[in-house]
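Visitor: below are the sequence and a predicted model; questions follow.
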Amino acid sequence: MTIRYELREGVAIITLDRPEKLNALTVEMREALGTHFETAARDSAVRAVLLQASGKAFCASGDVSKMGDFTAESGRTLLKLAHRMVRNLANIEKPVVAGVRGAVAGIGWSMALACDAVIASDTARFTQVFRHVGLVPDGGAVYFLTQHLGIQRAKELVYSGRRVEALEAHALGLVNKVVPDAELDAAAFEYARELASGPTFALGVAKKMFKLMHQPALETFLDAEAWAQGLALLTEDHAEGVKAFFEKRKPVFQGR
């Protein structure tokens, strides 16, 4: 089994488990990840998601053993699997955290970019490797990088294919936090667990609002904001938040 899935304290932990190949994605892994992301999105017991990997690397892009063997048809099929996987990840209406170390390259970096937060080991190194094999970025890399960095900086990383070390990624705003490698697993889970204890309905709706911000005019966005806030105002979490505020205590959210 190259993908593991478990639920712990409201956090769906999805683990890439092909360490001997630096978790490079096979066709089967792409299919499994797409399915697991969809499962996490639908399961009401899941309040947040943690995407991580076993071994010394998060994901060294796709499985290079098949590189060069693709036809136009098989390449298109593989890309459709990648798009399903990334769409299902990006569209989870719950907080999603990536815990990354070592190589975070190609489609692996696209997955990390599709998450809401990235906790990185000090060993993490990020690369847009596509240019090194004469390909364009996939998995939505250009879309996500441009949102994070703007066009000029995104172009520099894509065109150069250079390595971005963890501290530079943090300085660029591509990583939320850098921790010593030995602390990564615990730090990433705690970050996800803390998000899972929050008002996850409201956070999920806020996530949709962030996505809308990159597309519509202000008036359309404000209409969506009114819709979103109207829903949030009716939730049990909102009522609990108001009650806890007046009682001067920490709220206990249930995600509904």
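Guide: Great, that's in hand.

Visitor: how many neighbouring residues does residue 48 have?
Guide: 29 (other Cβ atoms under 10 Å). From N, CA and C alone the C-beta is placed, and that goes for glycine too.

Visitor: ramachandran angles for it?
Guide: Geometry field for residue 48 lists phi and psi as phi -160, psi 170, criterion degrees, to the nearest 10.

Visitor: residue contacts, it?
Guide: By Cβ atoms under 8 Å, 6 or more residues apart in numbering, the contact set of residue 48 is 10-12, 94-97, 192-193, 195-196, 200.

Visitor: which of those residues fall in helices?
Guide: If you go by DSSP state H, the contacts of residue 48 have 192-193, 195-196, 200 in helices.

Visitor: of the residues you listed - the most surrounded one?
Guide: Of all the ones in helices among the contacts of residue 48, the most densely surrounded is residue 192 (31 neighbours; neighbours counted as other Cβ under 10 Å).

Visitor: any idea how far residue 232 is from it?
Guide: 21 Å (Cβ to Cβ, to the nearest Å).

Visitor: count of residues packed around residue 134?
Guide: Using other Cβ under 10 Å, residue 134 has 6 other residues around it.

Visitor: actually, residue 236.
Guide: Other residues within reach of residue 236 by the criterion other Cβ under 10 Å amount to 13.

Visitor: swap in residue 154?
Guide: Applying other Cβ under 10 Å, we find 20 residues neighbouring residue 154.

Visitor: what does stretch 126-142 contact?
Guide: Counting by Cβ under 8 Å, 6+ apart, the neighbours of stretch 126-142 from elsewhere in the structure are 61, 67, 79, 82-83, 85-86, 90, 103-107, 109-114, 145, 154, 157-165, 169, 174.

Visitor: try 6 Å this time
Guide: Under the criterion Cβ atoms under 6 Å, 6 or more residues apart in numbering, residues 61, 82, 86, 104-107, 109-110, 157-158, 161, 163-164, 169 lie in contact with stretch 126-142.

Visitor: in ChimeraX, how would I select just the buried ones from the residues you listed?
Guide: Filtering those down to the buried ones (16 or more other Cβ atoms under 10 Å) takes a single ChimeraX command:
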select :61,82,86,104,105,106,107,109,110,157,158,161,164,169
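
Visitor: name the SS class of residue 120, please.
Guide: strand (DSSP: H, G, I helix; E, B strand; the rest coil).

Visitor: hey, where'd the strands end up in the stretch 1-150 of the chain?
Guide: Counting by DSSP state E, counting those that start in this stretch, the segments of the stretch 1-150 of the chain that form strands are 3-8, 11-16, 48-53, 59-60, 96-100, 103-105, 117-121, 125-127.

Visitor: in its sheet, what does the shortest one sit against?
Guide: What it means is strand 59-60. Paired strands of strand 59-60, with direction, are strand 103-105 (parallel) (DSSP bridges).

Visitor: quick one: mean pLDDT for the strand it pairs with?
Guide: For strand 103-105, the per-residue pLDDT values average out at 97.

Visitor: picking that back up, flag the least confident of the contacts of stretch 126-142.
Guide: residue 82 (84).

Visitor: from residue 199, how far out is it?
Guide: When Cβ to Cβ is the yardstick, residue 82 and residue 199 sit 32 Å from each other.

Visitor: surely residue 101 and residue 119 touch.
Guide: No: using Cβ atoms under 6 Å, residue 101 is not in contact with residue 119; the gap is 9.7 Å.

Visitor: so what are the domain limits for the chain?
Guide: Residue ranges for the structural domains of the chain, counted by automatic domain parsing, are given in the record as 3-196, 200-246.

Visitor: so, low pLDDT: which residues of the stretch 1-150 of the chain?
Guide: Segments of the stretch 1-150 of the chain classed as low confidence (criterion: pLDDT under 70) are 63-76.
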